[in-house]
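Asks: next one to model:
(2 chains)
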Amino acid sequence: MKSTVHARKALILAAFALVMAACGGDGAETTTTRAATTTAAQSADTAPAAEEAAPEGGAETTVAASEPEPAPPPAEPVTVRAAITGDEGTLNPYTYISGFPGWNLLMLQYDSLLQLDAAGRPQPWLAESVTVNDELTEYSVKLVEDVRWHDGQFLTADDVAFTVDYFINNTQSRFARDLRGVAEVVITDPFNLTFVLEAPNPGFDLVALADVPIIPRHIWEPVTNPEEHQFESAANIGSGPYKLVDYDEGQSYRFEANWDYFRGTPAVDELVVVVFADDAGALSAIRSGGVDVIFERISPEQITLLDAQDPLDISQGPEFSTQMINFDASRRPFDDVVVRQAIDLAMDREDIVDTVYLGAATPGSPGWVHPGHPSYNPEVLAVYDPNLANSLLDQAGYTDADGDGIREFDGQPMSFEIIANSSDSLRLRIAELTVEMLAEIGIEGRVAAVETATWENAVWPGFDVNNGRNYEIAMWGWSAPVQANTLRVPSLIHSSPGIGSLNLTGFANAQVDSLSEELLVEPDPARRLELLSQLQELIAADLPFVLLAYPDGAYVYDSSVYADWEFIAGQGIVSKLSLLPSSARP
Amino acid sequence: MKGLIDLRRLGQYAAAAAAAVTLNFLLPRLMPGNPLVLIAGVDVGLLTPEQRAEIIARVGLDAPLWQQYLRYWADIFTGDFGYSFRASRPIVDMIRDRLPWTLLITGLSLAISAVAGVILGAVSAWRRGSKTDLGMLSGMIALEALPPFWLGMLFISIVSVQWGLLPSFGAVTPASGLVGWEHIEDILRHAVLPVATLSILSVPGVYLTMRYSMLETLGEDYIRTARAKGAGEGRVLFGHVARNAISPVITVLAIRLGFAFGGTVIIETVFSYPGLGRLVFEAVSGRDYPVMQAAFLVFTVAVLAANLAADLLYPLVDPRARTS
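Replies: Numbering: from 1, shown residues only, chains lettered A, B, ... in the order given. Predicted structure coming up:
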């Protein structure tokens, strides 16, 4: 049995090489747009890889063809056992639980039209090419032909149009939000279609095309209540490189490679995902050989410790999650920009990176955008100058009249509660350092460590900024997607709750508002970059929050089992790219 | 004897159950925090107010509290607790999947600690004041003071990581495809460390109860009589003293049996064991109201049933407790 499977793999590899070569020809002929250029680049990348695959596959094919019964010596199938902390449900688009790693595991079974490459840029995937009109209101997609669902049916434009309708009509998933603003999907032929948007959306490729999993019409059409629908088998029919074959709630998942995957045969034959209760359990498991990789970031103090142990290795890179100080900028004294600036100047970001992260983080840019991000403005720099902070506060009249070492505002001591969630020990340590740094400028901080839901409820009551805020100072952080897409910047800083849905600090600045509004509809990428640069300068000057650090992602894996992990900038190693042969990666 | 249980007693149990059910309903809702993030996912902040309202309505959280309360009572009688906010699975299924694992490790450790605690307690009391007694007594008190997570992690780092003898996580080897005896052996291997940890931690309670109860019994006249009759040591110890001293131990064990249904959050977390304790912990962290309500109900019923069992068993074991 094994051997036939491998012979089949070889045939597919050979076929794949041919298809890729054909694609290369097509790509060279199409010209005009940015996206078309990407296609050409893509095929240029993959062509040599296809050649690589050909001899190996070719040899096996000959054997299989001349002698169908006995088989070539089968390679040892690769099984990777991965640890996650917390169950992720049945992992279909309506039941997966966390944004990380739940969405990532979901996307092993499904594909999106575009796929992020290692640098975090969207590249053709189910879509062979995407072209955009000048107004940024029509995204035309040409699908790769001959893509099949796990059950053998073909994936066509009809499935894509159905997916869009389905997600929009069954709003319980994040993909409904991704697709907001889609007026209609026009199908031109079975492999060509156009997304028509209500308004220009420069980020549609990243937010929607590279995020939304395409689902099969023939499976989902009869499902009326997707969140509660119980499918008979664990297998979620997708088009992705892996099929879920077993699921034991609270215990484990077993994925099997999809040998017919249209981008190339997966390098890992079987992926077993084990559910742990916490990271301590996962760490002892990888140290005792119970699992081969941990699909969660490991803490800085574990990096050298685990790296020193053979055969464990670390994959490390920049991620776009943030650690920051929020203050309620709508109340005294944080409504005064001088106070916010003084806090910013008092923060020794290098010290935080060295002491708390042991170097495994990037110091925060006061303009919000990560220095590794393409839209980073390099002129925005963090300054650590407590003396300047002190003189600013003195000049503004925040003096220590009663001589207790704490300045006063409006007759009250500048003494504030700093609320943080007790479940995040690194954040608590940053809070303690913040207290020390604030003491240098005569501001007293008192750390209040509370349970996560309580902390969220104080900073972001009901997850709705219309409800206001119940904190003075808070240690806060956003997950990577908020920063990865720079078009989310307006949501953090715009004063109206409609646009500023993540503006948790009550920040308001008319200039920021108008630039934000312009950014959201600007069709020209160069102008958008310029607007983003200006916004970063404004954020750094007016400080809706103080950004302290961007923690690196670090993942531990057993290199004797599988070592070919791909670190996607800003996203980490948990993606289908890591499990595909390098020839199939964009 | 007027029957095993009278009406007043039954009324007491009903009142306790009703009060517990009401608390089960209220406690989750009195906690600060909001299940919305669990239902809507991480980018809950990007929801429009209409989408937010729709989500809240879909899970029935927009109804007035008294309606939700009545709904909960209806759920109890129909046995249908709806769907988890988090996992989008029927809650009854989730509890049914988890309960056996919890009962396996708590049941085994209860049995082990009961036998070990009773025997050691009896021996210790029998030789009261001796080196054996004092050694055992101080050992047990030390054991009782051990933090459960620490003992569990100690086992993991020595037995699993250093020696590589036993698995450190889970109830079975994931995706092993084992069947029959090998499957059972696999389950037992995974249960060894959690059961050992739990047993070690619960022996002292049983031991101490047994020892004190024995010491009291040893002073009774009928023990002297038994000895005077010339009964052997063993016969006196197990036939007379231990038998009479065991009633308080039964009460202790019955109550523990009730709590055993609640699982052990700490042990199940340390060993990543898929029991009910972990389910409840996850539900509490995420404010998964329906799962909390259903799981708390299981605990309530189990504790009340165990109490009832103790009430019923007591007169059988100890004729003095039989009412006339």
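Asks: the residue of the stretch 101-250 of chain B found nearest chain A is in what secondary structure piece?
Replies: Closest residue of the stretch 101-250 of chain B to chain A, Cβ to the nearest Cβ: B:Pro174 (3.5 Å). Any C-beta I mention is one placed from the backbone N, CA and C, and that applies to glycine too. Assessed by DSSP states H and E, B:Pro174 sits outside every helix and strand.
Asks: could you pull up the residues touching it?
Replies: Contacts for B:Pro174 (Cβ atoms under 8 Å, 6 or more residues apart in numbering or on different chains) come out as A:Arg81, A:Asp248, A:Gln251, A:Ser252, A:Arg254, A:Val272, A:Val274.
Asks: 10 Å instead?
Replies: Counting by Cβ atoms under 10 Å, 6 or more residues apart in numbering or on different chains, B:Pro174 touches A:81, A:246, A:248, A:251-254, A:272-275, A:290-291.
Asks: which among these are in contact with chain B?
Replies: Checking the contacts of B:Pro174 against chain B by Cβ under 10 Å from any Cβ of the partner chain, the ones in range are A:81, A:246, A:248, A:251-254, A:272-275, A:290-291.
Asks: redo these as JSON lines? Include pLDDT and secondary structure.
Replies: Listed next are these as JSON lines, based on pLDDT from 0 to 100; DSSP: H, G, I helix; E, B strand; the rest coil:
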{"residue": "A:Arg81", "pLDDT": "96", "secondary structure": "strand"}
{"residue": "A:Asp246", "pLDDT": "90", "secondary structure": "strand"}
{"residue": "A:Asp248", "pLDDT": "88", "secondary structure": "strand"}
{"residue": "A:Gln251", "pLDDT": "91", "secondary structure": "coil"}
{"residue": "A:Ser252", "pLDDT": "93", "secondary structure": "strand"}
{"residue": "A:Tyr253", "pLDDT": "95", "secondary structure": "strand"}
{"residue": "A:Arg254", "pLDDT": "95", "secondary structure": "strand"}
{"residue": "A:Val272", "pLDDT": "96", "secondary structure": "strand"}
{"residue": "A:Val273", "pLDDT": "96", "secondary structure": "strand"}
{"residue": "A:Val274", "pLDDT": "96", "secondary structure": "strand"}
{"residue": "A:Val275", "pLDDT": "93", "secondary structure": "strand"}
{"residue": "A:Gly290", "pLDDT": "92", "secondary structure": "coil"}
{"residue": "A:Val291", "pLDDT": "95", "secondary structure": "coil"}
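Asks: out of those, who has the most neighbours?
Replies: Highest neighbour count within these: A:Val291, with 29 neighbours (other Cβ atoms under 10 Å in any protein chain shown).
Asks: that one touches A:Thr85, doesn't it?
Replies: No. Contact criterion Cβ atoms under 10 Å: A:Val291 and A:Thr85 do not qualify, at 11.5 Å.
Asks: which among the contacts of B:Pro174 gets closest to B:Leu165?
Replies: Lowest distance from B:Leu165 to the contacts of B:Pro174 (Cβ to Cβ) belongs to A:Gly290, with 12.3 Å.
Asks: so B:Ala57 is in contact with B:Ala63, correct?
Replies: Yes. Counting by Cβ under 10 Å, B:Ala57 does reach B:Ala63; the two are 8.6 Å apart.
Asks: higher neighbour count, the two?
Replies: Neighbours were counted for B:Ala57 and for B:Ala63 using other Cβ under 10 Å; B:Ala63 has more, 14 against 11.
Asks: burial of A:Ala401, as a residue count?
Replies: 9.
Asks: name the element A:Val353 belongs to?
Replies: A:Val353 belongs to helix A:349-355, assigned by DSSP H and E.
Asks: which is the next helix or strand following that helix?
Replies: Sequence-wise, the next helix or strand downstream of helix A:349-355 (DSSP H and E) is strand A:361-363.
Asks: show me what from the stretch 451-586 of chain A comes close to chain B.
Replies: Residues of the stretch 451-586 of chain A that fall close to chain B, judged by Cβ under 10 Å from any Cβ: A:451-458, A:460-466, A:470, A:478-479, A:481-482, A:488, A:491-492, A:497-498, A:500-504.
Asks: please repeat the previous calculation with a cut-off of 8 Å.
Replies: Counting by Cβ under 8 Å from any Cβ of the partner chain, the stretch 451-586 of chain A comes close to chain B at A:451-454, A:456-457, A:460, A:462-466, A:479, A:481, A:491, A:501-502.
Asks: for PyMOL, write the selection for the buried entries among those.
Replies: Buried residues among those (16 or more other Cβ atoms under 10 Å in any protein chain shown), as a PyMOL selection:
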select buried, chain A and resi 451+453+454+456+457+460+462+463+464+465+479+481+491+501+502
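Asks: so where is chain B shaky, pLDDT-wise?
Replies: B:1-5, B:33, B:37-46, B:262-263, B:321-324 (pLDDT under 70).
Asks: domain ranges for it, per the record?
Replies: Segmentation of chain B into domains, based on automatic domain parsing, reads B:23-80, B:99-168+B:194-322.
Asks: so which of those domains is nearest A:Ile419?
Replies: domain B:23-80 (12.0 Å).
Asks: got the buried residues for the host helix or strand of B:Trp150?
Replies: Applying DSSP H and E as the criterion places B:Trp150 in helix B:148-155. The neighbour-count check on helix B:148-155 (16+ other Cβ under 10 Å) flags B:Pro148, B:Leu151, B:Gly152, B:Met153, B:Phe155 as buried.
Asks: do stretch B:59-75 as well
Replies: In stretch B:59-75, counting by 16+ other Cβ under 10 Å, buried: B:Val59, B:Leu61, B:Gln68, B:Tyr69, B:Tyr72, B:Asp75.
Asks: correct me if wrong: the fourth one contacts B:Phe25.
Replies: Yep, that's B:Tyr69 we're talking about. Yes. Counting by Cβ atoms under 8 Å, B:Phe25 is a contact partner of B:Tyr69 at 5.5 Å.
Asks: what parts of the stretch 51-200 of chain B come near chain A?
Replies: Counting by Cβ under 8 Å from any Cβ, the stretch 51-200 of chain B sits next to chain A at B:51-52, B:54-55, B:58, B:83, B:86-90, B:94, B:97-98, B:153, B:156-157, B:160-161, B:164, B:167-172, B:174-175.
Asks: and the buried ones among those residues, selectable in PyMOL?
Replies: Selection of the buried residues among these in PyMOL, burial being defined by 16+ other Cβ under 10 Å:
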select buried, chain B and resi 51+52+55+83+86+87+88+89+90+94+97+98+153+156+160+161+167+168+169+170+171+172+174+175
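Asks: in three-state terms, label A:Asp394 for me.
Replies: Put simply, A:Asp394 is helix when judged by DSSP: H, G, I helix; E, B strand; the rest coil.
Asks: closest to A:Leu426 among the buried residues of helix B:148-155?
Replies: So of those, ranked by how close each gets to A:Leu426 (Cβ to Cβ), first place is B:Met153, at 20.5 Å.
Asks: surely that closest one is in contact with A:Ala280?
Replies: Yes. Taking Cβ under 8 Å as the definition, B:Met153 is a contact partner of A:Ala280 at 7.1 Å.
Asks: identify the contacts common to those two.
Replies: Shared contacts of B:Met153 and A:Ala280, defined by Cβ under 8 Å, 6+ apart, comprise B:Val270.
Asks: which residues does the residue in the stretch 351-500 of chain A that chain B sits nearest to contact?
Replies: Closest approach of the stretch 351-500 of chain A to chain B (Cβ to the nearest Cβ) occurs at A:Ala453, with a separation of 2.8 Å. Going by Cβ under 8 Å, 6+ apart, A:Ala453 touches B:Met31, B:Pro32, B:Gly33, B:Asn34, B:Ser285, B:Gly286, B:Arg287.
Asks: does chain B sit close to stretch A:96-113?
Replies: Yes. Applying Cβ under 8 Å from any Cβ, one finds stretch A:96-113 in contact with chain B at A:Ile97, A:Ser98, A:Gly99.
Asks: which of those count as buried?
Replies: A:Ile97, A:Ser98.
Asks: out of the residues of stretch A:96-113 next to chain B, who's nearest chain B?
Replies: Taking Cβ to the nearest Cβ as the measure, A:Gly99 is the one of these closest to chain B, at 3.9 Å.
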